[in-house]
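how does the following fold in three dimensions:
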Amino acid sequence: MQVSETVEITGHLMDSGLLSRVLDDIRGYGGEYTLDKFDLGYDKDDPSTVRMTVGADDEESLQRLLMRIQTKGANLVDPGTPEITEVTQDGVFPDGFYSTTNLPTSVRLDGHWVLVQNPEMDCGLLVEGSTVRTIPMSEVKAGMRIISSAQGVKVTPPIVASTEGDFGFMESDVSSEKPQRVLVQQVADGMREAKANGQKVLWVGGPGIVHTGAAPAMVALVEAGFVDILFAGNALATHDIESSLYGTSLGVDLARGRGVEHGHEHHIRAINTIRKAGSIAAAVEQGVLTSGVMHALVKKGNKFVLVGSVRDDGPLPDVYTDVLEGQRAMRNELAGVGYCLMAATMLHSVATGNILPASIPLTCVDINPATVTKLADRGSTQARGIVTDVGLFVEHLARELSPSYAEAK
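The predicted model follows:
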């Protein structure tokens, strides 16, 4: 005997393909549906509303199906109250736990909707008194109370504007042939808006920023107040410091664009120099490190989180080698972030996208189209991709946002 619930979804359901995707999910999860009500928007800007009965073979299958279609805004008409289960084993969610998205989510507690704090994908929902927040699996402890139902939970995805659907050139979200000046201005405007609202600008950077010669432009952006936080790996910091100490990046002279004698040693000698000083900040204080992105961040008092990988040399003493500790450090810096720019790093971009709420505007810049599309494929649907040379992009961005840099150039 089937079990069922009634759900409702509102938005530009037809031209955005949203309704089709919801129905595909229902069938993909082995469920059934009956359309009970269909109010089609009259004008092109009017939203449509669909109410349907969704059924599955058993309660567990129904709950998983409901959780899935909630990610697209199909919420229960009668939300009910959430089922709350106590954790019995550290690091293990209860069976049937509610798997979260990065979208704005609310939970009905004591007859009132409570907004979930720090929405993040692939987490559980932890109930603490009258508050609810996301919690990653690695942080859950025995005795915690975790939501384990779709009942009593509501997800509010952004309403996607209707599209005309007319034929046109360069209409894809990711294109290397769009006017770069306009794209740079749009990113600059996003950063200005965040700062005007008292919010922070987060950068997620890869070593390509240094390799392409864009480090001086990024320094100007730090000094102009548009790099409040930096997430990166061992490589960006190492090659930036190598550039400061030796004028090279991975042994390549950045002024002449060619390798130098013994240049292959420079990155490991740079790491050793910083390890001898004790930390990047200590190297700045001791006058060992006198220029570069990391120097500028330290002098400005801004935060950086460096998380390493199995391929790292050294690493630098500031690098988190425990990835769970690195995740925690990254999460701790997200409060107050109003704009995020990702540049020349696939792994750190995806990692950061996984912990960012969908409400934070996000732009990914890379020469490789696969990097900018992978973010959306991994759930960061708010990500905007710009396919271009990162060095030129950061250079143009600095000219847009730093008057002193623009004058110097």
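
give me the buried positions along stretch 344-357.
344-346, 348-357 (16 or more other CB atoms under 10 Å). Yep, even glycine has a C-beta here, placed from its N, CA and C like the rest.

of the residues you listed, which belong to strands?
With strands defined by DSSP state E, no entry of the buried residues of stretch 344-357 lies inside them.

could I get the residues you listed as CSV with distance to residue 289 and pLDDT?
As requested, the buried residues of stretch 344-357 are arranged in CSV below (distance: CB to CB, whole Å; pLDDT from 0 to 100):
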residue, distance to residue 289, pLDDT
344, 22, 93
345, 22, 94
346, 28, 92
348, 22, 94
349, 26, 93
350, 30, 92
351, 26, 94
352, 25, 95
353, 30, 93
354, 31, 93
355, 29, 95
356, 30, 95
357, 34, 94
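
mind listing which of these are in helices?
346, 348, 349, 350, 351, 352, 353, 354, 355 (DSSP state H).

tell me the pLDDT at residue 165?
Residue 165 carries a pLDDT score of 49 in this model.

what residues are bridge-paired with the nearest residue to residue 349 once chain neighbours are set aside?
In space, and not counting its chain neighbours, residue 349 is closest to residue 342: 4.1 Å by CB to CB, 6 or more residues apart in numbering. Under DSSP bridges, the beta-bridge partners of residue 342 are residue 204, residue 364.

does residue 342 really touch residue 361, like I thought?
No - checked against CB atoms under 8 Å, the pair residue 342 and residue 361 is beyond contact range at 11.6 Å.

more crowded one of these two?
More crowded of residue 342 and residue 361, by other CB atoms under 10 Å: residue 342, with 29 against 19.

where along the stretch 251-400 of the chain do the helices fall?
266-277, 280-285, 293-300, 323-332, 346-355, 369-377, 390-401 (DSSP state H, counting those that start in this stretch).

out of the ones you listed, which comes closest to residue 240?
Of all these, it is helix 293-300 that lies closest to residue 240, at 4.7 Å by CB to CB.

just checking, what packs against the closest one?
helix 215-223, helix 234-246, helix 280-285, strand 303-306 (3 or more CB pairs under 8 Å, 6 or more residues apart in numbering; DSSP states H and E).

switch to 7 Å and redo it
helix 215-223, helix 234-246, helix 280-285 (3 or more CB pairs under 7 Å, 6 or more residues apart in numbering; DSSP states H and E).

make JSON lines from those helices and add mean neighbour count and mean pLDDT to it.
Output for the helices and strands packed on helix 293-300, formatted as JSON lines (neighbours: other CB atoms under 10 Å; pLDDT from 0 to 100):
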{"stretch": "helix 215-223", "mean neighbour count": "23", "mean pLDDT": "97"}
{"stretch": "helix 234-246", "mean neighbour count": "26", "mean pLDDT": "97"}
{"stretch": "helix 280-285", "mean neighbour count": "20", "mean pLDDT": "98"}
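
Serialize those helices to JSON lines and add fields for distance to residue 269.
As requested, the helices and strands packed on helix 293-300 are exported to JSON lines (distance: least, CB to CB, whole Å):
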{"stretch": "helix 215-223", "distance to residue 269": "18"}
{"stretch": "helix 234-246", "distance to residue 269": "8"}
{"stretch": "helix 280-285", "distance to residue 269": "13"}
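
thank you, goodbye.
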